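>>> Build me a model:
(one chain, ligands or ions: 1)
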Amino acid sequence: MVSKALVRLVSAVNRRRMKLLLGIALLAYVAFYSFLLNRSIQENGELKIESKIEEIVEPLREKIRDLEKSFTQKYPPVKFLSEKDRKRILITGGAGFVGSHLTDKLMMDGHEVTVVDNFFTGRKRNVEHWIGHENFELINHDVVEPLYIEVDQIYHLASPASPPNYMYNPIKTLKTNTIGTLNMLGLAKRVGARLLLASTSEVYGDPEVHPQSEDYWGHVNPIGPRACYDEGKRVAETMCYAYMKQEGVEVRVARIFNTFGPRMHMNDGRVVSNFILQALQGEPLTVACSSRLSLTRLPFFSSDLVNGLVALMNSNVSSPVNLGNPEEHTILEFAQLIKNLVGSGSEIQFLSEAQDDPQKRKPDIKKAKLMLGWEPVVPLEEGLNKAIHYFRKELEYQANNQYIPKPKPARIKKGRTRHN
Ligand SMILES: O=c1ccn([C@@H]2O[C@H](COP(=O)(O)OP(=O)(O)O[C@H]3OC[C@@H](O)[C@H](O)[C@H]3O)[C@@H](O)[C@H]2O)c(=O)[nH]1
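A predicted model of the protein is given here:
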């Protein structure tokens, strides 16, 4: 009896325990399952957020990689120059057509270059590929105001150079070439720098001797429309030699004849840029001579000029040197050549001659050949094709709702002009 009662009690206890154990096991299972479920939901959520972040961040990373790449590939190759050979060079007008090519050459040769420009005809675009380089500095400054920096050489190019540009504001042109040159000579004297003046074939005026050698004194109308530039450059030369004689400043004077090349302003107004733009746009080529078709010039390419300037600066020739193309063509022949190279159907239109337009111009470059070993080497057609390519790109670049300036023939603007 007793044993039966005991067996019943034990089995009742066991059943309860079994139930309890089962209950506990069930609870544990539910808890474990919900734990797993929670974790996977959380992980899924995290994964989703992570992938969303990744989606946003990846393009940014790519942009940073591109930027880093462009930073490292940004500059044209620059030679290394030892401290002894590296010069601190100032180029006034260094953002202009010629100045920017000179900047490129001197930077690539490994010098430290400071460009000063008031951006009247110069453009930041011409030198933007150097901005940020440790050897390069760009200063927005007008040479009519004094400048205090430390340099070893000064290439003084600042001045509008095309007839429409220098006639636009004759007083400013005079100030730039006189006060501006005085300021740069004063700087050269103070820091002991050598100064090269970018003078011009226009110091010969409408020449009475042909070709023009450096000892020709010129034939300039001192009160004509071109006088602001012609006389401005003549007095700039006079100032150079006064500073040389009186103060011992080392000077170099380049008399630059007609030049052309990429980076000429679309609105420059000189014959090459005018004819190329007119030919590309199917407009008449404006040849400025109706009666005398003997009007002559032959421009030379910008890289030849830059090489000549550097050779002169580093020579021991302190007297003026002509840099130009000794060949000679009429403006009409030149118009036809450009028309053919562009493959343009433009007509040729004859305009009346501008006042005091020099009739004939041809440099005698014996001195440059003898003393600098320099002469132009870029064949005319090769240079013209490069300029045509440049202007074609410029037209494309400006095609989208942009103002495309029409080239202007050399004429004096009517009305009051701004001067400061
Ligand atoms: O559309 C045009 C522009 C110009 N011309 C003529 O082409 C000749 C050359 O004219 P440019 O305007 O190119 O240059 P210029 O020779 O008058 O002056 C130039 O000379 C030497 C540089 O040092 C000077 O910076 C620049 O003034 C001139 O006879 C001019 O009348 C045209 O027939 N058509």
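>>> going forward, measure contacts between C-alpha atoms and count neighbours the same way
Fine.
>>> where does the stretch 151-300 of the chain come near the ligand, residue by residue?
Taking C-alpha under 6 Å from any ligand atom as the criterion, the stretch 151-300 of the chain approaches the ligand at residues 161-163, 200-202, 256-258, 269-271, 274, 286-288.
>>> From these, which land in helices?
163, 271, 274 (DSSP state H).
>>> What about the last one, how many residues nearby?
Neighbour count of Asn274, defined by other C-alpha atoms under 10 Å: 22.
>>> Contact partners for Leu309?
Ala254 (C-alpha atoms under 8 Å, 6 or more residues apart in numbering).
>>> now the host helix or strand of Glu394: mean pLDDT?
Glu394 belongs to helix 380-397 when assigned by DSSP states H and E. Helix 380-397 shows a mean pLDDT of 95.
>>> same deal with stretch 146-161?
pLDDT averaged over stretch 146-161 gives 98.
>>> List the buried residues of that stretch.
Under the neighbour-count criterion of 16 or more other C-alpha atoms under 10 Å, stretch 146-161 has 151-161 buried.
>>> can you redo those as a markdown table with secondary structure?
Shown next, in a markdown table, are the buried residues of stretch 146-161 (DSSP: H, G, I helix; E, B strand; the rest coil):
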| residue | secondary structure |
| --- | --- |
| Val151 | coil |
| Asp152 | coil |
| Gln153 | strand |
| Ile154 | strand |
| Tyr155 | strand |
| His156 | strand |
| Leu157 | coil |
| Ala158 | coil |
| Ser159 | coil |
| Pro160 | coil |
| Ala161 | coil |
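>>> ok, these vs Lys84, which is closest?
Asp152 (11.9 Å; C-alpha to C-alpha).
>>> Please name the nearest non-neighbouring residue to the closest one.
What sits nearest to Asp152 in space, not counting adjacent residues and going by C-alpha to C-alpha, 6 or more residues apart in numbering, is Ala193, at 4.5 Å.
>>> gap between the one you found and Ser318?
14 Å (C-alpha to C-alpha, to the nearest Å).
>>> Burial check on the closest residue to Leu298 other than its chain neighbours, number of neighbours?
Nearest non-adjacent residue to Leu298, counting by C-alpha to C-alpha, 6+ apart: Glu328, 5.3 Å away. The local packing of Glu328 (other C-alpha under 10 Å) involves 17 other residues.
>>> ditto for His129
13.
>>> cool, and the one 10 residues further on?
Applying other C-alpha under 10 Å, we find 13 other residues in the vicinity of Ile139.
>>> Can you tell me the SS state at it?
Ile139 is classified as strand under three-state DSSP.
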